[in-house]
Structure formats: C-alpha cells, structure tokens
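J.: Please find the sequence and the predicted model below.
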Amino acid sequence: MTGQLKPFRRYLITLAIIILGGIAAVGGFNYWTDAYGIFGVNHLGIYASADRESKAQAYQKGDFNAVIMGNSKAAMIPAAALNKYDFFSATFGGAMPEELYYFADRYVDHGEVAIVLLDFWSFRDEFPIKEDPFAPPTLTETLDKLFSINTLDESIKTLRRNIQGEPPAFSPDGSFIAHRWIISKSTPNDILAQREFNEHARWFADFSISPDRMTYITRLAEYLRGRGIWTVAVLAPMHEHSLELMEGTPAAEQLEEWKARIEDIFPTTVDLIDSQYSAPENFFPADPTHFTPKAGVKMINDSVLPVKDAPLK
C-alpha cells in the first residue's frame, strides 16, 4: 500500500510545483508589466483604462508646479500645451466633484496653480457619492492585480501594444493621448451627435443638484487655498445647441444658482458656459459633449491663465 502511495505523492508534489510555479510566473509577469500603473514599476506605458490607478503614481513621480483637474472634458486639454507652468492633468473619465477632492487631499500638497474645470452636469444627484478611488489598495485588491486572469490579459495586451509601437493611453504628465479617439470623433456623424444631444436633453429635464457634491467642491477649494495654491474654477463651456435644449428646463432654473454658489466657493471663477467657446466648431462633430484639445488649450491659455496676473479690481 505504501509503495502505491509514493507515485501518487510524487504526482501531487509535481502538480503543486507546476501550479505554484504558474501562479508565480503570472504574478511576476503582471508585476513587471504593471499594466495599471499601481506598483510604480510600469515602463511600457499605460494602455489600460486606468486613469485613476495610474495617475496617482505619475503625479508623485513628476515635478509639477501646477495641476488641472476635472472630468473627461478637462482630459481633452494636453497639459504640456499650457503656458508658463509645468501642469499635471489630474483628469478622470466621468469624474465627480468628490473624486477631485479625494485626489487633491491625498497628493496635491504643493504647487503654484490649480485649475479646476467644473462640469455642471457632474453635480447632478442622479448617481450616489463615489467612494475614494485613490485609497491605498487592500491586500485582496493587490493580490487580484497580481494574480488575476483579467490582469494577465491586460498585461499581455500592454506588452503587445508596446511592441507594435502604439502610443500609450496617458503621457507622464497625465494627459490623455487620444489620437484614435480624436480621429473617430472628428468625423461627422449626425446619428452619434444627435444621440449625445438627446442625452443632454434627458439630463436637463430631470436635473437636481446634489448638496453633497457641493460640500465636496467646497472642501476642495478650502484644501487648495490652505496649501497656498492659487486656484481658479473654470465653468466648462457647453455646445450652443445644448444651451438651447436647456432653456425652460429644471437645469436652466438651477444653473444661475449653481454659478452663484461656485463663485462664493471660489473667489476666482471664470464662467465659460455660454461663451465664444460654445460655438460648434470648438466641439467634436460626432461628440458635442467634448470640446476639442485645440479649443481647450486656447481657452486656458487665453481666457484663464491671464486672470492670475490681472490687476485686482
């Protein structure tokens, strides 16, 4: 009987070595690739949709004296094209005001300038308050990023795209490298554009400002001022047709109140909601929600940064 168990025992030991070796190989490869940028060793570039995970590491690695914050609208603005300061793009797809506060509270402890681009739509109470996505990962989350099949798949994609010479999703200053996205959205598509306008109309018809989000944006302003950082709130421009759709809706009724409250929170506020930047040519033909990078750079360099050095009235 003992003689019969020995081959089986050897089989189990061999199987365990193979399994553990495979797990170690997966973990080592995922760590070396660092596809999400959470281990601080990524050297191939971030190709995954991991702006929240990767930008915390990128900000800490760099030497920046200014930050631009916001959602995907602000992400359209390449930080390196902004004048005078070394900007980091702390911009996140679908970011809510509370997430901007979370990022600043954890990482932005110095600097000369903070541009906070505020999107009126992101203050609606349609969605619950988000938890802090920048909190240190738990042990379970770290192990998942090391050993999961999903991470392995993303690591393989990262390595393949790097070898093929594709540009990563983000530059070291946090800017969104959106070549393919820009090309696709720059091609006129009336169906896609109308879909966006229909979504705007839906938001306007059922719009209610979240008091909790106003609290978080107040905390953000107070935090940045407390660090001695000159801070300006920029009210993001809307497409002129979206402004027409908003007329007579609950959103229109609350917009002026919201603007007044933002101006109380941020002593320096630049209101561009209905401005020269609302012209259709400043937005993507197939995506009237987002202004183009060219328009965004002009907006910040010509209409926002000069405010810092303007004489007080």
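T.: Arrived safely. Numbering: from 1, shown residues only.
J.: Just to check, residue 66 is in contact with residue 116?
T.: No - judged on CB atoms under 8 Å, residue 66 makes no contact with residue 116 at a distance of 11.8 Å. C-beta here means a position set from N, CA and C on the backbone, and glycine is covered the same way.
J.: higher neighbour count, these two?
T.: Counting neighbours by other CB atoms under 10 Å for residue 66 and for residue 116 shows that residue 116 has the greater number, 26 against 19.
J.: sec struct for that one, please.
T.: With DSSP: H, G, I helix; E, B strand; the rest coil as the basis, residue 116 sits in strand.
J.: Let me know whether it touches residue 69 as I believe.
T.: Yes - the criterion here is CB under 8 Å, and residue 116 meets it with residue 69 at 5.0 Å.
J.: Now do the helices in the stretch 101-250 of the chain.
T.: Counting by DSSP state H, counting those that start in this stretch, the segments of the stretch 101-250 of the chain that form helices are 139-147, 149-163, 179-186, 190-205, 211-226, 240-246, 250-265.
J.: Could you save those as a markdown table and add columns showing mean pLDDT, mean neighbour count and distance to residue 107?
T.: Below are these laid out as a markdown table (pLDDT from 0 to 100; neighbours: other CB atoms under 10 Å; distance: least, CB to CB, whole Å):
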| stretch | mean pLDDT | mean neighbour count | distance to residue 107 |
| --- | --- | --- | --- |
| helix 139-147 | 83 | 13 | 19 |
| helix 149-163 | 86 | 16 | 24 |
| helix 179-186 | 81 | 14 | 26 |
| helix 190-205 | 92 | 15 | 30 |
| helix 211-226 | 96 | 17 | 11 |
| helix 240-246 | 95 | 18 | 33 |
| helix 250-265 | 94 | 15 | 21 |
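J.: Make CSV out of those and add distance to residue 109.
T.: Output for these, formatted as CSV (distance: least, CB to CB, whole Å):
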stretch, distance to residue 109
helix 139-147, 24
helix 149-163, 30
helix 179-186, 32
helix 190-205, 35
helix 211-226, 9
helix 240-246, 37
helix 250-265, 21
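J.: what's the closest of these to residue 274?
T.: helix 240-246 (5.7 Å; CB to CB).
J.: C-alpha coordinates for that closest one, CSV please?
T.: Taking Å, rounded to 0.1, in the frame of the first residue of the first chain, the C-alpha atoms of helix 240-246 are listed here in CSV:
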residue,chain,number,x,y,z
GLU,A,240,-24.6,76.2,-28.2
HIS,A,241,-27.3,73.7,-29.2
SER,A,242,-27.1,72.1,-25.7
LEU,A,243,-27.7,75.6,-24.2
GLU,A,244,-30.8,75.9,-26.5
LEU,A,245,-32.0,72.5,-25.3
MET,A,246,-31.6,73.6,-21.7
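J.: Which elements pack onto that helix?
T.: Helix 240-246 sits against helix 190-205, with contacts defined as 3 or more CB pairs under 8 Å, 6 or more residues apart in numbering; DSSP states H and E.
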